[in-house]
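Q: next input, structure requested:
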Amino acid sequence: MDEADVSRLGRSIERQAENALDLVGEPGSLIQIAIIVGAFLLAWLLARVTHSALEEQARRIKGAPGILRIVVAFMRRLRTVYFVVLLWAATLAEAALGMAPQRFVSIALSLSLAYLVISVASRIVRNRVVARMITAVAWIIAALSILDLTTPVANALDLAAINIGAARISALLVLKLIAVIAFALWLANVVGRFLDRRVQGYEELTPTLRVLIGKLLKIGLIVVALAAALAGVGVDLTALTVLSGAIGLGLGFGLQKVVSNFISGIIILLDRSIKPGDTITVGETYGWIRELRARFVSVVTRDGKEYLIPNEDFITNQVVNWSFTDELVRIDVKFGVSYNSNPHDVIRVAKEAAKKPERVVSHKEPVCWMTDFGDSSLDFVLRFWIKDPPAGIANVRGQVLLALWDAFKENGIDIPFPHREVIFKTPLKVDRAEAANLATGEAMSPPLPD
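A: Numbers count the residues shown, from 1 in each chain. Here you go, the predicted structure:
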């Protein structure tokens, strides 16, 4: 900032100070201030008195959420509503009496009305923090415009600048850049969500392709919005080439996992190895895919837990997709029977028992094979098919096991349990009296303590 800029800024501040002193020195300024203070106190009193009754009336609104939302927004600013109404009535009374317009009252009315309109309009934003930020910024801009301070403040911000080579960066440029980028990103997000919903509605496309198109649209809109915002403010995009390259290199090293998960997500969407609705097993996690994100995959298990598994795990680890190409899934149940059982009868009974649960498909017959002569049993494996793996695997396996138990009981087939023989290589010395008692079934009484 050179001496000429400082001189211009000083003269601008002096003019604004003179205008403020002239405004305060106007006749009746104290009366105007008294009217404003009285209107504020009366508005505060009316808000306290009528808030309960108006809230009771608002609760009766049914079936119109949009209207109810607007009513609630006004209810939370009831004091400001009364204040605006009272100041407006004061200006109407002045006009009716033929009095000159009172500048203090007009300014207070304009400021309060601007705040009321902006704060109510910002309710369209769901996030309260963002809504409050929008309200504050918009009201400050409106207040500067009402007080005729827009040009002096803009000049002051433009004078507060630094020079970096041939580029001049001022506080005004930074504020404009922040505002334009925020609006552009918000608009890109809104348009991206709208287009994503439209794409998800096309049943002709596969679920994986719908997700991929939606993500590419969102990313493309964000990139275009950033470029348009920078160009709109006047930033030379060619000057950012070297800087963006350095930032990209640093982000590449610092965010390797994030970039890896992002690229893995793109690969998953392109090769269509998994898609929303598939039933999968990753490690010890069994569930179905709820959503594919840019960084992770949301997997919901049978117990209601939602696991956010990084995309990289689906590329580097083994993944069992129970419904990749076909919904039919074969389940194996292993069991053993006594050596006294007839293996042919066991196979017949087991196949009939596997057909009883409803989830077992009927067009693919169950099969049962004898697999081994075990230590204490004849070992078999029973194989059957289901077509709804998202409904669970353990529950249908349990139903088949119960059906096997009932069928074996009805047909006199025993399920053995292991027997163990303990052989002592060193003979034990047994007292004759104790052996006689054991032979007759009498228990020896323990010796009495000394």
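Q: any idea which helix or strand in this structure has the lowest mean pLDDT?
A: helix 3-24 (a mean of 54; mean pLDDT, DSSP states H and E).
Q: what about Ala227, distance to Asn189?
A: For Ala227, the distance to Asn189 (Cβ to Cβ, to the nearest Å) stands at 16 Å. (Each C-beta comes from the backbone N, C-alpha and C, glycine too.)
Q: again, but for Trp139
A: For Trp139, the distance to Asn189 - Cβ to Cβ - is 24 Å.
Q: show me which of those two is the more surrounded one.
A: A direct count of neighbours by other Cβ atoms under 10 Å for Trp139 and Asn189 places Trp139 higher, at 18 against 14.
Q: so which elements touch the helix or strand containing Ala108?
A: Counting by DSSP states H and E, the element that carries Ala108 is helix 103-121. Under the contact criterion of 3 or more Cβ pairs under 8 Å, 6 or more residues apart in numbering; DSSP states H and E, helix 103-121 touches helix 29-58, helix 65-75, helix 78-96, helix 128-146.
Q: list the buried residues for the helix or strand hosting Leu216?
A: Here Leu216, judged by DSSP H and E, is contained in helix 207-233. By 16 or more other Cβ atoms under 10 Å, the buried positions in helix 207-233 come out as 207-215, 217-218, 221, 225-226, 229-230, 233.
Q: could you pull out the helices in the stretch 351-450 of the chain for me?
A: 394-410, 432-440 (DSSP state H, counting those that start in this stretch).
Q: could you tell me the least trusted of the ones you listed?
A: If you rank those by mean pLDDT, helix 432-440 sits at the bottom with a mean of 60.
Q: count of neighbours near Gly374?
A: Per other Cβ under 10 Å, the neighbour tally for Gly374 reads 14.
Q: so it sits right up against Gly336, yeah?
A: Yes - judged on Cβ atoms under 8 Å, Gly374 makes contact with Gly336 at a distance of 5.7 Å.
Q: quick check: domain ranges of the chain?
A: 3-159, 167-254, 265-321, 329-410 (automatic domain parsing).
Q: what about the second one, distance to the chain center?
A: By that I understand domain 167-254. 20 Å (Cα atoms, centre = their mean, to the nearest Å).
Q: what about Asp332, which SS state?
A: strand (DSSP: H, G, I helix; E, B strand; the rest coil).
Q: how close does it get to Thr426?
A: With Cβ to Cβ as the criterion, Asp332 and Thr426 are 46 Å apart.
Q: these two: which is more packed in?
A: Asp332 (9 against 5).
Q: got a list of what the more buried one touches?
A: Val381, Leu382, Arg383 (Cβ atoms under 8 Å, 6 or more residues apart in numbering).
Q: hey, which of the helices and strands packed on helix 103-121 is tucked in deepest?
A: Of those, the one with the most neighbours on average (mean count of other Cβ atoms under 10 Å) is helix 78-96, at a mean of 17.
Q: tell me what angle it forms with helix 29-58.
A: 130 degrees (axes from the mean of the first three to the mean of the last three Cα atoms, to 10 degrees).
Q: run the angle between helix 78-96 and helix 103-121 for me.
A: Going by the same axes, to 10 degrees, helix 78-96 makes 140 degrees with helix 103-121.
Q: now for helix 78-96, which elements pack on it?
A: Secondary elements touching helix 78-96 (3+ Cβ pairs under 8 Å, 6+ apart): helix 29-58, helix 103-121.
Q: just put the ones you listed in JSON lines and tack on distance to Ser273 and mean pLDDT.
A: Shown next, in JSON lines, are those (distance: least, Cβ to Cβ, whole Å; pLDDT from 0 to 100):
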{"stretch": "helix 29-58", "distance to Ser273": "53", "mean pLDDT": "78"}
{"stretch": "helix 103-121", "distance to Ser273": "46", "mean pLDDT": "79"}
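Q: quick one: closest of the ones you listed to Asn155.
A: helix 103-121 (21.9 Å; Cβ to Cβ).
Q: pull the residues that contact the closest one.
A: Taking Cβ under 8 Å, 6+ apart as the rule, helix 103-121 contacts 23, 26, 29, 32-33, 35-36, 70, 73-74, 77, 80-81, 83-84, 87-88, 90-91, 94, 134-135, 138-139, 142-143, 146-147.
Q: give me the buried positions along the helix holding Ala108.
A: Buried residues in helix 103-121 (16+ other Cβ under 10 Å): 104-116, 118-120.
Q: my guess is Pro343 contacts Met370, does it?
A: Yes - counting by Cβ under 8 Å, Met370 is a contact partner of Pro343 at 5.3 Å.
Q: who touches both of those two?
A: By Cβ under 8 Å, 6+ apart, the residues touching both Pro343 and Met370 are Leu378, Phe380.
Q: Gln200: neighbour count?
A: 14.
Q: show me what the helix or strand hosting Ala182 is packed against.
A: Ala182 belongs to helix 171-200 when assigned by DSSP H and E. Helix 171-200 sits against helix 150-159, helix 207-233, with contacts defined as 3+ Cβ pairs under 8 Å, 6+ apart.
Q: comparing the ones you listed, which gets the lowest mean pLDDT score?
A: Minimum mean pLDDT among the helices and strands packed on helix 171-200: helix 150-159, a mean of 74.
Q: may I see the buried residues of that helix?
A: Buried residues in helix 150-159 (16+ other Cβ under 10 Å): Pro152, Val153, Ala154, Ala156, Leu157, Leu159.
Q: what is the nearest of those residues to Ile289?
A: Distances from Ile289 to these, taken by Cβ to Cβ, are shortest for Leu157, at 50.7 Å.
Q: just to check, that closest one is in contact with Thr151?
A: No - counting by Cβ under 8 Å, Leu157 does not reach Thr151; the two are 10.9 Å apart.
Q: all strands for the stretch 351-450 of the chain, in order.
A: Using DSSP state E, counting those that start in this stretch, the strands of the stretch 351-450 of the chain run over residues 367-373, 378-386.
Q: and of these, who's closest to Val360?
A: Closest approach to Val360 among the strands of the stretch 351-450 of the chain is made by strand 378-386 (5.0 Å; Cβ to Cβ).
Q: how about the closest one, which residues are buried there?
A: Here strand 378-386 shows Leu378, Phe380, Leu382, Arg383, Phe384, Trp385, Ile386 as buried, counting by 16+ other Cβ under 10 Å.
Q: that one - contacts with which helices or strands?
A: In this structure, strand 378-386 packs against strand 329-337, helix 343-354, strand 367-373, helix 394-410, with contacts taken as 3+ Cβ pairs under 8 Å, 6+ apart.
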